[in-house]
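Engineer: here is the input, now give the coordinates:
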Amino acid sequence: MLNYAVDADLLRPLVPRGTELDFFGGRAYVSLVAFRFLNAKVMGLPIPGHRDFDEANLRFYVRRASRNQIRRGVVFIREVVPRHAIAAVARWAYNENYVALPMWHDISPSRVTYGWENRACRCEVDLQASETAVHAAEGSEQQFICEHYWGYSAQRDGSSMEYEVTHEPWLVREAVSARFEGEASSLYGPDFARVLQRRPESAFLAEGSPIQVGHGRRIPWHN
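Structural biologist: Purely as a prediction, here's the structure:
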């Protein structure tokens with residue numbers, strides 16, 4: 001997870017209706033997250049040839065008040081997977097901004113590398129992690145990044161969809177070094193490509209856990 005503080009005005013046009021930007025320390029963040037899905041199932045059923053695969057996504061953070069509860073969630077700017085069927089299902093079910101591209105990874109106990117490419121660019125994220133894994137401290141930036149348990153996506157008719165994401169709090173390891181390489185304008189647009197060329201404000205490795213993504217539902221909205 002590579003995390004960048006950005007001007008909130010860059011994100012406001014992308015905020016789904018019914019939500020608002022979520023801030024940490026008064027700053028808005030985007031994160032570049034790369035990871036492996038293992039033993040993936042759809043509606044409880046494994047899909048042959050689509051159980052283990054990579055994903056890389058660029059995301060930011062929002063919140064929504066619902067029934068006296070603040071739901072903290074993520075919005076995906078662009079998600080990359082290596083299988084066309086996965087991208088098609090995600091676009092159909094959630095209207096998420098998925099694209100299928102060739103991907104690769106190299107994972108060792110202390111270092112992870114993920115890459116993806118299209119005709120216009122080749123992108124790679126590389127992180128070397130410390131040996132100590134701990135739960136994110138209460139109120140820390142790591143907790144803010146990791147513990148958003150809802151997903152939100154804007155729909156074609158202008159409404160928004162909400163879905164719950166459940167998992168245990170993750171163990172995290174601080175980055176000793178982290179970098180993104182690639183000219184990514186064709187994937188993320190020139191503004192976000194410039195963000196990714198900067199040194200991230202923070203970076204860390206999350207060890208992951210079993211995760212469940214709930215069914216999407218439209219957010220009630222009244223003018």
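Engineer: show me where pLDDT drops low in the protein?
Structural biologist: For the chain, the stretches flagged by pLDDT under 70 are 41-50, 86-87, 89-94, 221-223.
Engineer: so residue 88 sits in a strand?
Structural biologist: No: Residue 88: not assigned to a strand; according to DSSP: H, G, I helix; E, B strand; the rest coil it is helix.
Engineer: contacts only, for residue 19.
Structural biologist: Counting by C-beta atoms under 8 Å, 6 or more residues apart in numbering, residue 19 makes contact with 62-64, 73, 75, 152, 160, 219. For the C-beta atoms, the positions are set from N, CA and C on the backbone; glycine is no exception.
Engineer: which one of these sits closest to residue 197?
Structural biologist: Nearest to residue 197, judged by C-beta to C-beta, of the contacts of residue 19 is residue 75 at 21.8 Å.
Engineer: show me what the closest one bridges to in the sheet.
Structural biologist: residue 60 (DSSP bridges).
Engineer: burial of it, as a residue count?
Structural biologist: 24 (other C-beta atoms under 10 Å).
Engineer: list the contacts for it?
Structural biologist: Contacts of residue 75 (C-beta under 8 Å, 6+ apart): 14-16, 19, 59-62, 151-153.
Engineer: ok, residue 163 next?
Structural biologist: With contact set as C-beta under 8 Å, 6+ apart, residue 163 has these partners: 94, 150-151, 213-217.
Engineer: nearest to residue 1, of these?
Structural biologist: Using C-beta to C-beta, the contacts of residue 163 come closest to residue 1 at residue 151, 16.1 Å.
Engineer: three-state assignment of the closest one?
Structural biologist: Per three-state DSSP, residue 151 ends up strand.
Engineer: now it: closest residue in space that isn't a chain neighbour?
Structural biologist: Among residues not flanking residue 151 along the chain, residue 163 sits closest, at 4.9 Å (C-beta to C-beta, 6 or more residues apart in numbering).
Engineer: equivalent analysis for residue 212, please.
Structural biologist: Counting by C-beta to C-beta, 6+ apart, the residue nearest residue 212 is residue 166, at 4.9 Å.
Engineer: element containing that neighbour?
Structural biologist: strand 160-167 (DSSP states H and E).
Engineer: what of residue 190?
Structural biologist: Residue 190 is part of helix 185-197, with elements assigned from DSSP H and E.
Engineer: doesn't residue 100 make contact with residue 116?
Structural biologist: No: judged on C-beta atoms under 8 Å, residue 116 makes no contact with residue 100 at a distance of 9.9 Å.
Engineer: anything in contact with each of the two?
Structural biologist: 80, 82.
Engineer: got the phi/psi numbers for residue 144?
Structural biologist: phi -60, psi -50 (degrees, to the nearest 10).
Engineer: you'd agree it is up against residue 27?
Structural biologist: No: when contacts are counted by C-beta under 8 Å, residue 144 is not listed as touching residue 27 (10.3 Å).
Engineer: more crowded one of the two?
Structural biologist: residue 144 (18 against 13).
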